[in-house]
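S.K.: Provided below are the primary sequence and the corresponding predicted coordinates.
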Amino acid sequence: MLRIISRILFIQLALVAINTKGQAVNADARLLDAMKITVPKDANREVSFTNQDAAYYFTQTHQNNHQEYAWFEGMNIAKSRVFGGYNLFTGSQKLDNKDAEAWVYPYKLVRKHGKLTEELWMLDHRNVIEVSLAGATGSVGIQLKGKGIKYLSQNNNVAFFSPVEGKYVIAVSAKGRQSVQPEDQIVYADAKAGEFFIAVGKTNAEAAALIKESKLNIARFKKERVKRMQDFLLHNAYTTSSNDSLTLALNWLETTTNQLVTHQQGYGIYAGLPWFNEYWGRDEFISLPGATLVTGQFETAKRILKSFAQYQQTDPTSKYFGRVPNIINPQNIDYHTTDGTPRFIIELQDYVKYSGDVSLIRELYPNVKNSIEGALKYWVDDKGYLLHEDNETWMDARDSKLVSYSPRGTRANDIQALWYNQLRAGIYFARYMKDNAGVSKWEQVANKVKSNFEKDYTNTPLGYLADRLTKDGKAEFTLRPNQLFALDMINDSTLKYQVIHKVWQELVFPWGVSTLDKHDPFFHPFHLTVDYPKDEAYHNGTIWPWLNGIAMQRMIEAGQTETAYKLFNNMNRQALTLGVVGGLSENLDAYPHQGERWPRLTGAYLQAWSNAEQLRIWYQYFLGIRPDLANGVITIAPRIPDAIKRLDYNLVVGSGLIRAGYVASPVKNYSYSFSGKSAVKAIIDVYPYEVKQVNVDANSSLQLRVVNNELAISLYSKSGKLIRKVSATLSQARIEQNNLSNKYLRDLQFAKPIGLENHPVIKNKAQ
């Protein structure tokens with residue numbers, strides 16, 4: 001059972017921990033402790049911590065037996081598996097985790113073995129874990145696991161071991177000056193020591209120095225880790241609501257997303273764990289809004305953008321001129337992707353809009369120009385479309401002969417949408433730079449792409465868009481979710497609603513968005529099965545939670561908030577009850593196996609863009625806050641689901657903070673308190689009322705109140721004096737538009753599995 005946060009407790013914690021400027025001042029762990037999740041034995045969930053540099057620690061609560069993840073148990077640094085976890089002993093008796101009680105906190109794992117209590121901590125920015133065992137008598141021991149682990153030597157009560165992989169040395173020591181005795185690969189100490197330190201360095205001296213530093217400063221290091229996490233949740237990502245499970249899920253998703261923001265090779269966001277602990281251009285920029293921008297981590301976002309900018313291909317004779325890499329890791333820089341570069345430019349624009357930092361436009365404008373001009377020189381056809389190879393979209397899996405499992409060359413619909421938005425972002429920057437030639441040239445290309453797209457990718461009888469144009473220009477209508485990204489290039493509202501209807505009804509299951517129509521003969525119901533290679537299913541039926549973001553966004557834009565929230569709520573429940581504690585996986589099977597109610601989670605156990613898209617949609621579309629501070633504008637378009645009766649939250653925007661609240665009854669009341677040095681123009685968009693613009697003074701408060709079919713908009717000074725008042729009446733045009741949406745989308749049901757006998761790729765119909 002989950003330990004659900006008490007709403008009253010959460011509010012009390014927030015009041016204690018935030019001063020009048022919104023800064024956390026109380027560094028205890030009460031908020032984080034209230035997030036504790038109890039894991040039953042039969043759940044045996046994955047647990048993961050990072051040090052926010054290059055190391056992560058993975059385990060399972062009760063038994064490391066996952067068919068794909070168990071190999072990664074223990075500490076991993078960059079691409080090296082250093083040691084495979086540990087066993088604890090009291091005397092000669094090994095503790096068995098299978099029978100333990102287990103609790104997971106954002107900052108530690110706790111197991112209770114009868115009267116003994118084990119705690120596992122990872123420290124920030126150090127390759128160190130601390131393992132404590134309270135309640136023992138006599139001697140206690142710790143044994144490092146993993147093939148290749150060998151005892152090397154001992155010096156000053158520090159035992160040294162060889163690693164499983166990598167050029168590292170592992171040091172093990174007990175608390176204080178307690179002596180240790182290595183015996184048969186087990187390091188023993190007096191039970192009074194109570195804890196062991198395990199440190200990893202490149203030499204004995206480096207590892208021993210980490211041990212010494214950690215022993216001397218362990219209380220401070222723990223406090224700093226707790227304070228970092230708690231400050232983040234009480235300031236940048238503060239949310240509390242009438243729905244306790246919503247609050248808990250958001251806090252966990254914020255925490256597990258933030259642990260993927262690391263400093264392994266410059267600043268970046270791990271694509272996913274366990275095997276994607278590197279920086280992927282595509283994943284980086286899909287994740288950037290939800291992982292950094294919506295929570296005001298602008299300096300981190302800026303460093304990520306600048307880090308990728310320095311790796312841009314600048315050789316004008318290269319066909320990859322202007323591209324940013326898809327993969328950056330210590331061993332490799334790879335440019336073989338088409339969508340990473342448009343997303344880089346789009347996220348540069350998002351960064352500027354959220355932060356108001358126009359200096360980065362001036363600094364990176366040469367990168368913007370190279371990205372567009374390189375594409376125009378080498379990759380754009382006479383219709384303005386951006387060309388690419390079969391495997392250069394996000395659906396990039398190939399077989400052993402490098403043949404794409406999901407061929408999408410040469411003009412995939414989502415690539416054209418990204419290219420169009422890259423051009424629009426380029427125009428945005430060019431206007432700021434007063435580059436009139438760039439504005440004119442890029443507007444012509446953007447207009448050409450949009451005009452041709454609506455003609456070439458549509459088929460009215462089918463009611464959905466072509467997934468791609470083939471090399472010979474033929475529209476190919478395999479039903480995939482990628483078309484949701486392209487709806488910005490469609491003017492026909494009816495067609496948009498038809499597309500959303502078709503995609504949701506056929507591809508959006510209660511557990512997420514499938515990558516292929518279940519009626520397609522190449523649809524793969526399961527990601528991991530003996531019937532075919534795993535990568536064959538990767539983009540041909542397998543669920544990708546990151547696609548939930550665009551699916552929910554399109555539903556909310558179409559006025560169907562309640563339908564979108566059903567999917568959002570299901571994903572929150574998954575984060576709290578399935579898989580890695582507090583996070584979302586890379587994939588799921590498209591179908592549950594026989595006798596099971598929910599599909600099995602697959603792929604990386606913690607995927608950045610899965611988490612980040614869940615958070616992006618929450619902030620940008622349910623809360624509806626979308627800033628453009630470069631132009632001094634903030635859009636406020638709340639779409640709060642009916643299940644939420646009360647809500648309080650923070651948003652860091654530019655150098656200021658918005659404290660917002662919502663109460664559903666007796667009348668809907670939205671409040672926004674702005675702290676900051678600059679006035680802004682607020683675009684107030686509350687359905688079904690007219691959209692209004694209100695000039696908001698610095699350090700003022702905005703209140704929106706629905707009364708008698710009218711939206712009353714009131715602006716108050718810091719002292720509470722009414723500055724101005726505006727009213728918005730019902731918009732008949734918006735009501736009519738919503739009626740059209742309802743015709744296609746109201747009460748639309750999720751997709752449902754069909755019998756395995758309908759899927760030729762499945763040999764064993766009984767699974």
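M.R.: Ah, there it is. Just so we're clear, the structure is a prediction, and the values are computed from it rather than from any experiment.
S.K.: from here on, contacts and neighbour counts on C-alpha atoms
M.R.: Noted.
S.K.: between the two ends of stretch 75-94, how far is it?
M.R.: The first residue of stretch 75-94 is 21 Å away from its last residue (CA to CA, to the nearest Å).
S.K.: typo on my end, stretch 265-275
M.R.: 16 Å.
S.K.: ok, now stretch 36-45?
M.R.: 14 Å.
S.K.: how far does it sit from the chain's center?
M.R.: 23 Å (CA atoms, centre = their mean, to the nearest Å).
S.K.: return the set of buried residues in it.
M.R.: By neighbour count on 16 or more other CA atoms under 10 Å, the buried set for stretch 36-45 is 36-41, 44-45.
S.K.: got it, and stretch 560-573?
M.R.: 560-565, 567-569, 571-573.
S.K.: could you dump those into TSV and include secondary structure, pLDDT and distance to residue 209?
M.R.: As requested, the buried residues of stretch 560-573 are arranged in TSV below (DSSP: H, G, I helix; E, B strand; the rest coil; pLDDT from 0 to 100; distance: CA to CA, whole Å):
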residue	secondary structure	pLDDT	distance to residue 209
560	coil	99	58
561	helix	99	55
562	helix	98	55
563	helix	99	55
564	helix	99	52
565	helix	99	51
567	helix	99	49
568	helix	99	46
569	helix	99	47
571	helix	99	43
572	helix	99	42
573	helix	99	43
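S.K.: tell me the secondary structure at residue 346.
M.R.: helix (DSSP: H, G, I helix; E, B strand; the rest coil).
S.K.: which residues touch it?
M.R.: Contacts here follow CA atoms under 8 Å, 6 or more residues apart in numbering; on that basis residue 346 touches 421-422, 425.
S.K.: for residue 706, same thing?
M.R.: Contacts of residue 706 (CA under 8 Å, 6+ apart): 667-669, 712.
S.K.: just those now: which is nearest residue 347?
M.R.: Within these, proximity to residue 347 (CA to CA) peaks at residue 669, which comes in at 32.4 Å.
S.K.: the closest one pairs with what?
M.R.: Following DSSP bridges, residue 669 is listed with bridge partners residue 663, residue 705.
S.K.: what sits against it?
M.R.: Counting by CA under 8 Å, 6+ apart, residue 669 touches 662-663, 703-706.
S.K.: and the pLDDT for residue 195?
M.R.: With respect to pLDDT, residue 195 scores 96.
S.K.: same question, residue 11
M.R.: 38.
S.K.: with the one 3 residues further on instead?
M.R.: At residue 14, the model reports a pLDDT of 42.
S.K.: next: residue 328.
M.R.: On the pLDDT scale, residue 328 gets 73.
S.K.: surely it is in a strand?
M.R.: Yes - using three-state DSSP, the assignment for residue 328 is a strand.
S.K.: so how far is stretch 657-667 off the chain centroid?
M.R.: 26 Å.
S.K.: which of the helices or strands spans residue 711?
M.R.: Here residue 711, judged by DSSP states H and E, is contained in strand 710-716.
S.K.: show residues contacting that strand.
M.R.: With contact meaning CA under 8 Å, 6+ apart, strand 710-716 is reached by 689, 696, 700-706, 722-730.
S.K.: now do 6 Å
M.R.: Residues outside strand 710-716 that contact it (CA atoms under 6 Å, 6 or more residues apart in numbering): 700-705, 722-729.
S.K.: next one: stretch 436-445
M.R.: 384, 427, 430.
S.K.: keeping just the C-alphas, turn that stretch into CSV.
M.R.: These are the backbone C-alpha positions of stretch 436-445, laid out as CSV (Å, rounded to 0.1, in the frame of the first residue of the first chain):
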residue,chain,number,x,y,z
ASN,A,436,15.5,41.0,-42.4
ALA,A,437,17.0,38.9,-45.2
GLY,A,438,16.8,35.8,-42.9
VAL,A,439,13.2,36.6,-42.0
SER,A,440,12.2,37.0,-45.6
LYS,A,441,14.0,33.9,-46.8
TRP,A,442,12.9,31.6,-44.0
GLU,A,443,9.3,32.8,-44.1
GLN,A,444,9.1,31.8,-47.8
VAL,A,445,10.4,28.3,-47.0
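S.K.: I'd like the mean pLDDT over it, please.
M.R.: 99.
S.K.: may I see the buried residues of it?
M.R.: For stretch 436-445, using 16+ other CA under 10 Å, the buried residues are 438-439, 442-443, 445.
S.K.: switch those over to CSV; also include secondary structure.
M.R.: Converted to CSV, the buried residues of stretch 436-445 look like this (three-state DSSP):
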residue, secondary structure
438, helix
439, helix
442, helix
443, helix
445, helix
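S.K.: buried sites along stretch 290-308?
M.R.: Buried-residue list, stretch 290-308, by 16+ other CA under 10 Å: 290-298, 300-302, 304-308.
S.K.: show me these that map onto helices.
M.R.: Among these, the members found in helices (DSSP state H) are 290-291, 298, 300-302, 304-308.
S.K.: quick check, nearest of the residues you listed to residue 134?
M.R.: residue 291 (36.5 Å).
S.K.: residue contacts, residue 341?
M.R.: 323-324.
S.K.: taking the buried residues of stretch 36-45 one by one, which sit in strands?
M.R.: 37-39 (DSSP state E).
S.K.: return the member of those nearest to residue 646.
M.R.: Residue 646 has its nearest neighbour among these in residue 37, at 23.9 Å by CA to CA.
S.K.: if we can go back for a sec, including distance to residue 523 and pLDDT, could the buried residues of stretch 36-45 go into TSV?
M.R.: TSV is the format used below for these (distance: CA to CA, whole Å; pLDDT from 0 to 100):
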residue	distance to residue 523	pLDDT
36	39	98
37	36	99
38	37	99
39	34	99
40	35	98
41	35	97
44	31	99
45	29	99
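S.K.: if we only consider these, which is nearest to residue 82?
M.R.: residue 45 (22.0 Å).
S.K.: residue boundaries of the strands in the stretch 101-250 of the chain?
M.R.: Per DSSP state E, counting those that start in this stretch, the stretch 101-250 of the chain carries strands over the ranges 101-104, 108-113, 116-122, 128-134, 139-144, 151-155, 158-161, 169-174, 181-183, 186-190, 195-201, 239-241.
S.K.: out of these, which is the most enclosed?
M.R.: strand 169-174 (a mean of 28; mean count of other CA atoms under 10 Å).
S.K.: that one vs strand 128-134, what angle?
M.R.: Between strand 169-174 and strand 128-134, the angle comes out at 30 degrees (axes from the mean of the first three to the mean of the last three CA atoms, to 10 degrees).
S.K.: low-confidence ranges, the protein, go.
M.R.: Within the chain, the ranges that satisfy pLDDT under 70 run 1-27, 329-330.
S.K.: can I see the domain layout of it?
M.R.: The chain breaks down into these domains under automatic domain parsing: 38-232, 640-686+689-730.
S.K.: right, so those: which one is the most enclosed?
M.R.: Compared across those, domain 38-232 shows the largest average neighbour count, a mean of 20 (mean count of other CA under 10 Å).
S.K.: chain center to it, what's the gap?
M.R.: Distance of domain 38-232 from its chain centroid, counting by CA atoms, centre = their mean, is 27 Å.
S.K.: quick one: end-to-end length of it, please.
M.R.: Span of domain 38-232 from end to end, CA to CA: 23 Å.
S.K.: same question, stretch 705-723
M.R.: End to end - CA to CA - stretch 705-723 spans 16 Å.
S.K.: again with stretch 572-586
M.R.: Note: stretch 572-586 ends 15 Å apart using CA to CA.
S.K.: next one: stretch 535-547
M.R.: One end of stretch 535-547 sits 18 Å from the other (CA to CA).
S.K.: the residue nearest to residue 358 when sequence neighbours are not counted: how many residues sit nearby?
M.R.: Nearest non-adjacent residue to residue 358, counting by CA to CA, 6 or more residues apart in numbering: residue 352, 6.1 Å away. Neighbour count of residue 352, defined by other CA atoms under 10 Å: 24.
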